[in-house]
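Student: mind looking at a prediction? Sequence and model below.
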Amino acid sequence: MSSFGFDKDFIIQEYGYDDDVPEDVRSQIENETGEELVDEYYEYVADGAIAWWRAEDGDVDDLADLFLDMKANLADDDAVCWLFVPGPSSEGHVSAHEIKEAAVTAGLQSSSSIAAGGWSGVRLLSSHARR
């Protein structure tokens, strides 16, 4: 598995965790940062965010709201966010078109994608970021 682009000591806020998420992906992020993931109720500044999203979690507007929530606690506009959705042939998959539409609404853009533990990960950056 590749690096997620998080630095050592980064605090990463996690949204949408449930028992269906691949623990190896979560562990890799924690190993990369040296910190445990914090949940969606974390009230302090975070250095990055990840989210787990399934089709049954809502529509494009709900996904855009999630992206806005993810951005709310971030330290700066250059922070990296990842959205993970079930893989293309899995139940609950969300199309790239829907992700892009929600991202644009929330002022984000997708920059790359990976396969991660049976899920697809999409890296999201602020539309103003220069990475």
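Tutor: Done, it's in. Numbering: from 1, shown residues only.
Student: can you tell me the SS state at the residue of the chain most remote from its centre?
Tutor: Centroid-distance maximum for the chain: S89 at 19.9 Å, with C-alpha atoms, centre = their mean. Recorded secondary structure, S89: coil (DSSP: H, G, I helix; E, B strand; the rest coil).
Student: next one, pLDDT for it please.
Tutor: As predicted, S89 sits at a pLDDT of 89.
Student: any idea how far it is from G118?
Tutor: Going from S89 to G118 by C-beta to C-beta, to the nearest Å gives 10 Å. In this view, the C-beta of every residue, glycine as well, is placed from N, C-alpha and C.
Student: what element comes up after the longest helix anywhere in the chain heading to the C-terminus?
Tutor: Longest helix in the chain, counting residues (DSSP state H): helix 60-72. Next in sequence after helix 60-72, counting helices and strands by DSSP states H and E, comes strand 80-86.
Student: now do stretch 46-53, average pLDDT.
Tutor: Mean predicted confidence for stretch 46-53 is 97.
Student: pull it out as CSV, backbone CA atoms only.
Tutor: Below are the C-alpha coordinates for stretch 46-53, written out as CSV (Å, rounded to 0.1, in the frame of the first residue of the first chain):
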residue,chain,number,x,y,z
ALA,A,46,-6.7,18.4,12.8
ASP,A,47,-3.9,18.2,10.2
GLY,A,48,-5.9,16.0,7.8
ALA,A,49,-9.1,13.9,7.5
ILE,A,50,-10.3,10.6,6.1
ALA,A,51,-13.9,9.5,5.5
TRP,A,52,-15.6,6.2,4.8
TRP,A,53,-18.7,6.6,2.6
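Student: list the buried residues for that stretch?
Tutor: Buried residues in stretch 46-53, counted by 16 or more other C-beta atoms under 10 Å: A46, D47, G48, A49, I50, A51, W52, W53.
Student: swap in stretch 13-33?
Tutor: Q13, E14, Y15, G16, V21, V25, R26, Q28, I29, E32, T33.
Student: nearest spatial neighbour of the fourth one, skipping sequence neighbours?
Tutor: Just to be clear, that refers to G16. W52 (3.8 Å; C-beta to C-beta, 6 or more residues apart in numbering).
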